[in-house]
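In: dropping a prediction and its sequence here:
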Amino acid sequence: MHFLNLGFLLVVLGTLQSSALGFATHRSESSAFATVRSRKAQAQYSGFASRLLQAINGDEDGSVDRAPCFDGACASDPGTLGDDVTESHQGEATTRLGVMTGPTVWSEFGRIGQEHPEAANLGQGFPDWLPPKFAVDSLVEAAMDSAKSPHQYTRTAGHPNLVKQLANRYSVHLKRDVDPMSQIAVTIGASQALYISLQTLIKPGDEVILFEPFFDLYVNQVKLAGGTPVYVPLTFVPYETGDDSVITGGEWILEPEKLQNAISSKTRAIILNSPHNPTGKVFTRFEMESIANAVTTKAGPQCVVLSDEVYKYIVHANPTNDATAGSETHFHSTASDESHEVQSTVTCSGHVHFASLPGMWDRTITISSAGKTFSATGWQVGWCVGPERLISPIHQILPYVQFCASTVIQEALARTLPRADEPYEGHSSYYEYLMAKYTRKRDMLANALTAAGFAVPDYSITAGGGFFIFARIGKDVVDAIPASRKMAPNPAAPGGITRQDWALCQWMAEEKGILCIPSSPFFSRERAMEGASDEFVRIAFCKQDETIEKAAVAFLKLGDNNQVLKDEKEADIINISESKE
């Protein structure tokens, strides 16, 4: 019977792929294939020369599209739709993105990864292990449930069983009744939740504030809605050592006055991502309160905060206990059919839900998903939570984007959520297990990076979340980069030139057996060209121990570090990897 269930599940998953993953696949394919190449001003150039010129110069506004391609199958050398296709024939969405899409950081490093399969891949942000067994069991049970048979369309705004589960949980998180039918919308992943939210809010000329560095998807989603991205740089503050010659880790902080100065009468939305991709920053309560203050005192009533919280259950360092742990365990909810006491062992320790701040419920769309939490990024179920006045327009748009997210996957997630609250692998809940697992993997990677000459956050004093380390490049590592790699032409890099971060990552991937992601694509083109991203690389630790150990050995071979220190750190890595989860 087990093999029958597994076989049936594989068939179900195969049939779901084109629908449940449609939006993500479209996003990847459009960045690599659906592009237009010709411009009269570049008619005298052809092939690579034309693409390189465009990549270096950018579009008229100085921008180059770097929409992500996660599957590694996108061609880094873009094709052509024909010389007879001109800019005037393009639809509004294509025009807003810019005629030249070209190679991206994701397609470029996807290509390198395919050409060097032996490299330890710490680049793309998805776990390379199976979801927990109870999640897979929930999926099999949902697919095999002949009584409920969730193989047909469900409610467009969200499968009833799932939105009821989400309403109960968010009633606890936000300490208010959340109505499952009017205040929640289910989407195909968090990316679509953000996309549709922006489509309901933004008109041409509106401005959307992004905290820099930022997840690069945000920029083009703002442009697709007709908005203008406005960047508010986070400030990197190194730890003080008394010796300026020492490269240290540090913290990324939000300076409230920079946000205040960026807000104008055109500000329609602020995108907040905490825990933060790519830095791993967890915004403090004070920082969130400063954002709330700016929304209420400086921005007009039209301004809405889009709070991207996909990493909320992965706060692996919370030294200041900024979010009051345990405060979510009791709340009297009337969100379901009968009034009852909702008791949850599930708290997002260390995470502040922005919508829970005073006065912010009515100004916030909270966005999240299941993929990161349950190591199932292919399930592609996301959601929006907020007041009816903000969620109702999303409900109105959803039927014209897709009729519904996959019914089977939604039903599986509805069954998975209560099981995650139960004791798991020696921990009080799956969520506690998840934090312990990521903390151990983070330490494995941090030890290796430190031994290799990188500087990383000190998690005993700096909060951290998600599954990336935004490592600072040390002097020994800089000196190890071959001179020929620096400032070399590459149409995928910002400005068409491989600055220090890009040169290091490309060298490590092609020659040293480690694939990481340069930081420059997470910065605005102007700031990247000024060198703001030169010192950092993004490195994922959501990988199996064997992959991290393989990368650790390769990191230790960078530069000419002290061999004794290398031996000590390598022993530390081995000891950590042998510990039981």
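Out: Looks like it arrived, so ask away.
In: can you show me the strands along the stretch 251-400 of the chain?
Out: Remark: strands assigned in the stretch 251-400 of the chain by DSSP state E, counting those that start in this stretch are 267-273, 304-308, 315-317, 330-333, 340-343, 364-369, 382-385.
In: give me the angle between the second one and strand 267-273.
Out: An angle of 20 degrees separates the directions of strand 304-308 and strand 267-273 when computed by axes from the mean of the first three to the mean of the last three C-alpha atoms, to 10 degrees.
In: if we can go back for a sec, turn the strands of the stretch 251-400 of the chain into JSON lines, columns for mean neighbour count and distance to residue 104.
Out: C-beta here means a position set from N, CA and C on the backbone, and glycine is covered the same way. Output for the strands of the stretch 251-400 of the chain, formatted as JSON lines (neighbours: other C-beta atoms under 10 Å; distance: least, C-beta to C-beta, whole Å):
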{"stretch": "strand 267-273", "mean neighbour count": "24", "distance to residue 104": "20"}
{"stretch": "strand 304-308", "mean neighbour count": "25", "distance to residue 104": "20"}
{"stretch": "strand 315-317", "mean neighbour count": "24", "distance to residue 104": "29"}
{"stretch": "strand 330-333", "mean neighbour count": "15", "distance to residue 104": "43"}
{"stretch": "strand 340-343", "mean neighbour count": "12", "distance to residue 104": "43"}
{"stretch": "strand 364-369", "mean neighbour count": "26", "distance to residue 104": "22"}
{"stretch": "strand 382-385", "mean neighbour count": "26", "distance to residue 104": "22"}
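In: between those, which gets nearest to residue 553?
Out: Closest of the strands of the stretch 251-400 of the chain to residue 553 is strand 315-317, at 23.4 Å (criterion: C-beta to C-beta).
In: what helices or strands is that closest one leaning on?
Out: With contacts defined as 3 or more C-beta pairs under 8 Å, 6 or more residues apart in numbering; DSSP states H and E, the packing partners of strand 315-317 are helix 430-452, strand 464-465.
In: low-confidence ranges, the stretch 1-150 of the chain, go.
Out: Residues of the stretch 1-150 of the chain that meet the criterion pLDDT under 70 lie in 1-88, 99-101.
In: at 80 instead, please
Out: The model of the stretch 1-150 of the chain has pLDDT under 80 over residues 1-90, 98-102.
In: picking up where we left off before, how about TSV for the strands of the stretch 251-400 of the chain, with mean pLDDT and distance to residue 518 added?
Out: Listed next are the strands of the stretch 251-400 of the chain as TSV, based on pLDDT from 0 to 100; distance: least, C-beta to C-beta, whole Å:
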stretch	mean pLDDT	distance to residue 518
strand 267-273	98	19
strand 304-308	98	22
strand 315-317	95	23
strand 330-333	47	44
strand 340-343	41	44
strand 364-369	98	26
strand 382-385	98	27
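In: could you export the ones you listed as JSON lines, including distance to residue 528?
Out: Putting the strands of the stretch 251-400 of the chain into JSON lines (distance: least, C-beta to C-beta, whole Å) gives the following:
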{"stretch": "strand 267-273", "distance to residue 528": "19"}
{"stretch": "strand 304-308", "distance to residue 528": "22"}
{"stretch": "strand 315-317", "distance to residue 528": "28"}
{"stretch": "strand 330-333", "distance to residue 528": "44"}
{"stretch": "strand 340-343", "distance to residue 528": "46"}
{"stretch": "strand 364-369", "distance to residue 528": "26"}
{"stretch": "strand 382-385", "distance to residue 528": "29"}
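In: so for residue 287, which of those sits nearest?
Out: Of the strands of the stretch 251-400 of the chain, nearest to residue 287 by C-beta to C-beta is strand 267-273, at 9.4 Å.
In: surely residue 241 meets residue 247?
Out: No: counting by C-beta atoms under 8 Å, residue 241 stays clear of residue 247, with 9.6 Å between them.
In: so for these two, which sits in the more crowded spot?
Out: residue 247 (19 against 10; other C-beta atoms under 10 Å).
In: what about that one, distance to residue 471?
Out: 11 Å (C-beta to C-beta, to the nearest Å).
In: with residue 444 instead?
Out: With C-beta to C-beta as the criterion, residue 444 and residue 471 are 14 Å apart.
In: then residue 114?
Out: For residue 114 relative to residue 471 (C-beta to C-beta), the value is 24 Å.
In: neighbour count: the two, which is higher?
Out: residue 471 (26 against 10).
In: for that one, which three-state class applies?
Out: Assigned state for residue 471: strand (three-state reduction, DSSP: H, G, I helix; E, B strand; the rest coil).
In: got a list of what it touches?
Out: When contacts are counted by C-beta atoms under 8 Å, 6 or more residues apart in numbering, residue 471 touches 449, 454-456, 536-539.
In: equivalent analysis for residue 493, please.
Out: 105, 499, 502, 518, 520.
In: just flag the most distant two among those residues.
Out: Across those (C-beta to C-beta), the longest gap, 12.5 Å, separates 105 and 499.
In: follow-up on the earlier one: of all the helices and strands packed on strand 315-317, which one is nearest residue 173?
Out: Across the helices and strands packed on strand 315-317, closest to residue 173 is helix 430-452 (C-beta to C-beta), at 12.6 Å.
In: in the closest one, what's buried?
Out: 430-435, 437-452 (16 or more other C-beta atoms under 10 Å).
In: next one: it to chain centre, how far?
Out: Relative to the chain's own centre, helix 430-452 is displaced by 18 Å; criterion: C-alpha atoms, centre = their mean, to the nearest Å.
In: what do you get for stretch 477-487?
Out: For stretch 477-487, the distance to the chain centre is 29 Å (C-alpha atoms, centre = their mean).
In: pLDDT on that stretch, on average?
Out: Taken as a whole, stretch 477-487 has a mean pLDDT of 95.
In: endpoints of it, how far apart?
Out: 16 Å (C-alpha to C-alpha, to the nearest Å).
In: again, but for stretch 204-220
Out: End residues of stretch 204-220 are separated by 14 Å (C-alpha to C-alpha).
In: how about stretch 147-158?
Out: For stretch 147-158, the end-to-end distance is 20 Å (C-alpha to C-alpha).
In: tell me which residues in that stretch are buried?
Out: 150-151, 154-158.
In: and the residue most central in space within the chain, what does it touch?
Out: When C-alpha atoms, centre = their mean is applied to the chain, the residue found nearest the centroid is residue 277 (5.3 Å). Going by C-beta under 8 Å, 6+ apart, residue 277 touches 125, 215, 311, 466, 468.
In: please identify which of those residues is nearest to residue 167.
Out: residue 311 (21.5 Å).
In: how many neighbours does the closest one have?
Out: 26.
In: that one reaches residue 465, doesn't it?
Out: Yes: the criterion here is C-beta under 8 Å, and residue 311 meets it with residue 465 at 5.2 Å.
In: common neighbours of those two, please.
Out: With C-beta under 8 Å, 6+ apart, residue 311 and residue 465 have common neighbours 274-275.
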